[in-house]
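Asker: Return atomic coordinates for the entry below.
(one chain, ligands or ions: 1)
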Amino acid sequence: MTISEAISVRTSLRTYLPDPLTPEQRRELGKVIDMCNRRSGLHFRLVCDRPGPFDSIKKSYGMLKGVRNFIVFAGPENDPNLEEKCGYYGEQVVLTAVSMGLGTCWVGGTYDRKECLELIEPGEKLVCVATVGFTPKEPTGREKLLAKTIRPKRRSAADLAEGLDRAPDWYADGVAAVQLAPSAMNRQGYRFTWGQDAAARASLTDTGSFSLVDLGIAKLHFELGAHGGEWMWGGGGAFRKAREEKSCGAVPWRMGPRGRRYLMVRHVGGHWGFPKGHMEGDETEAETAMREILEETGLEVELDTGFRQVVTYSPKRGVVKDVVFFVAQPVGGKERPQKSEVSSMGWFSLRSAREMATYATDEEILLAAEAYLNEKEELSH
Ligand SMILES: Cc1cc2nc3c(=O)[nH]c(=O)nc-3n(C[C@H](O)[C@H](O)[C@H](O)COP(=O)(O)O)c2cc1C
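Answerer: Now for the predicted structure:
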């Protein structure tokens, strides 16, 4: 699940199971937290197996039950956009946790803030935290009741935004993602406008203590819903939509004497990955993938479009790129790397291919392809 997809399944969950996070989950969350800290200059951290701030006997934090892990959202106290950045980057961490199947809840009030202040360095300000952990598969009766009392109806798109009738579709898609954004007391105290300069803007309509955190969360949701772009910080900040690009390719595989082998190419830029390239004219995704594989590797392939996975990233500022991957098997042609694009190529075992992949997204695609092929093989037996 991508973090964009996590938007529609996320809901605040307040009842946690005692199971600790696995080392793999801690690593994954650690990675996204490091990335957010690097980009933002903030200092988020994951705190595991520390129920203290949520089970004080002095105060009643009855709403949250069984919390063991949480993420601290903090940063330099002199950062003028600290609160908003905590919302924007913090929601990236929260949605990543949701995409990993974990439960989350932003918490600004119902925890022992004093205990968390011990975790903060001099010159930093603690903004809020979010709980994270395993939750019961089905929402408990208590959870349903809490959701009903805490979360009144969501605001409509027309209530949250003006200009929906004049703006391009991506604006409405952005607003639809904002409708699902968490906010303190479910206030959603902001409004989106569409300007004559073809830019969207987000302004505060509320001055509650977490309204800037809420604004940051809403901006991230809008950006994900609109499929890429860049915000300016602050109430009234403008959003510029990114230019969209699309490439298609595949993970080519064949059976060797010792199991499956995957074809990887080394692009002239130096990185190892799978063959792919830009869509041309009115090609279908499958046509682009087959043409690109033939051009880059000399191989004719048969595609299996039952596997279709999309990776989204920003190759440069102002551009968002989707890459669609299928799986493929060679059926003809002759291996011949395309000189202008590919410096070398080779067939590798799963283990070696994982090590060769330069980008994490290629490794993810490889693992997803392997899981798909295993499942397909099992079904055919
Ligand atoms: C900044 C912020 C602070 C919050 N603080 C609390 C809190 O102290 N206790 C709590 O139970 N929920 C808290 N929430 C969760 C909201 O109540 C919840 O997001 C909102 O009701 C919408 O419901 P949903 O998240 O299920 O969509 C907070 C949310 C945000 C964004």
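Asker: Could you list the contact residues of this structure toward the ligand?
Answerer: 11-12, 14, 63, 105-110, 128, 150-151, 182-184, 186, 210, 213-214, 217 (C-beta under 6 Å from any ligand atom). For glycine as for every other residue, the C-beta is placed from the backbone atoms N, C-alpha and C.
Asker: redo that, cut-off 8 Å
Answerer: Selection of the chain residues close to the ligand by C-beta under 8 Å from any ligand atom yields 10-14, 63-64, 87, 105-111, 128, 146-147, 150-151, 154, 180-186, 210, 213-214, 217.
Asker: Buried ones among these?
Answerer: With burial judged by 16 or more other C-beta atoms under 10 Å, the buried subset of the residues of the chain next to the ligand is 10, 12-14, 63-64, 87, 105-108, 110-111, 128, 146, 181-185, 210, 213-214, 217.
Asker: so of those residues, which ones are in helices?
Answerer: Of those, the ones assigned to helices by DSSP state H are Gly87, Leu146, Val213, Asp214, Ile217.
Asker: show me where the stretch 101-250 of the chain has helices.
Answerer: Taking DSSP state H, counting those that start in this stretch, the helices of the stretch 101-250 of the chain run over residues 113-117, 141-150, 157-160, 169-179, 211-225.
Asker: Now do the contacts for the residue lying closest to Gln25 once chain neighbours are set aside.
Answerer: Residue nearest to Gln25 in three dimensions, not counting chain neighbours: Met100, with 6.1 Å by C-beta to C-beta, 6 or more residues apart in numbering. With contacts defined as C-beta atoms under 8 Å, 6 or more residues apart in numbering, Met100 is in contact with Gln25, Glu28, Leu29.
Asker: let's see 10 Å
Answerer: Neighbour list for Met100: Met1, Ala6, Leu21, Thr22, Glu24, Gln25, Glu28, Leu29, Val32, Val132 [criterion: C-beta atoms under 10 Å, 6 or more residues apart in numbering].
Asker: residues making contact with the helix or strand hosting Thr361?
Answerer: Counting by DSSP states H and E, the element that carries Thr361 is helix 360-380. Helix 360-380 is contacted by residues 31, 249-253, 260, 262, 264, 271-274, 276, 304, 306-313, 323, 325-328, 348, 350, 353-357, 359 when judged by C-beta under 10 Å, 6+ apart.
Asker: ok, 6 Å please
Answerer: Val251, Gly273, Phe307, Gln309, Val311, Phe325, Val327, Leu350, Ala353, Arg354, Ala357 (C-beta atoms under 6 Å, 6 or more residues apart in numbering).
Asker: buried ones in that helix?
Answerer: For helix 360-380, using 16+ other C-beta under 10 Å, the buried residues are Thr361, Asp362, Glu363, Ile365, Leu366, Ala369, Glu370, Tyr372, Leu373.
Asker: From what I see, Gly235 and Thr205 are in contact.
Answerer: No - judged on C-beta atoms under 6 Å, Gly235 makes no contact with Thr205 at a distance of 9.3 Å.
Asker: out of those two, which sits in the busier spot?
Answerer: Neighbour count, other C-beta atoms under 10 Å: between Gly235 and Thr205, Gly235 has more, with 16 against 12.
Asker: for the more buried one, what are its contacts?
Answerer: Ser203, Leu204.
Asker: what's the answer for Gly228, then?
Answerer: Ala242, Val320.
Asker: Show the pLDDT at it.
Answerer: With respect to pLDDT, Gly228 scores 95.
Asker: Could you measure from it over to the ligand?
Answerer: 23 Å (C-beta to the nearest ligand atom, to the nearest Å).
Asker: Now that residue. Its backbone dihedrals?
Answerer: Main-chain torsions, Gly228, degrees, to the nearest 10: phi 100, psi 140.
Asker: Check the gap between it and Phe222 for me.
Answerer: 11 Å (C-beta to C-beta, to the nearest Å).
Asker: Burial check on the spatially closest residue to Tyr88 that is not a sequence neighbour, number of neighbours?
Answerer: Excluding the flanking residues, the one nearest Tyr88 by C-beta to C-beta, 6+ apart is Gly216, at 3.7 Å. The tally of other residues near Gly216 (other C-beta under 10 Å) stands at 28.
Asker: Buried residues in the lowest-mean-pLDDT helix or strand in the chain, which are they?
Answerer: Lowest by mean pLDDT, DSSP states H and E among the helices and strands of the chain is helix 141-150, with a mean of 78. Residues of helix 141-150 classed as buried by neighbour count (16+ other C-beta under 10 Å): Glu143, Leu146.
Asker: Which of the helices or strands spans Met35?
Answerer: Using DSSP H and E, Met35 falls in helix 23-40.
Asker: Between helix 360-380 and that helix, find me the angle.
Answerer: Taking axes from the mean of the first three to the mean of the last three C-alpha atoms, to 10 degrees, helix 23-40 and helix 360-380 form an angle of 150 degrees between their directions.
Asker: contact partners of helix 23-40?
Answerer: Phe44, Leu46, Lys85, Tyr89, Gln92, Val93, Thr96.
Asker: And stretch 290-304, how far out from the chain middle?
Answerer: 30 Å (C-alpha atoms, centre = their mean, to the nearest Å).
Asker: Pick out the residue in the stretch 151-300 of the chain sitting closest to the ligand.
Answerer: Pro182 (3.0 Å; C-beta to the nearest ligand atom).
Asker: Surely that residue and Trp106 touch.
Answerer: Yes - with contacts counted by C-beta under 6 Å, Pro182 reaches Trp106, the gap being 5.4 Å.
Asker: now the helices for the stretch 251-381 of the chain?
Answerer: 285-297, 350-356, 360-380.
Asker: now for those, which one comes closest to Gly318?
Answerer: helix 360-380 (19.9 Å; C-beta to C-beta).
Asker: give me every residue that touches Leu117.
Answerer: Taking C-beta under 6 Å, 6+ apart, we find Leu117 in contact with Leu126.
Asker: circling back: where does the helix holding Met35 sit relative to the chain's centre, distance-wise?
Answerer: That offset, for helix 23-40, works out to 12 Å (C-alpha atoms, centre = their mean).
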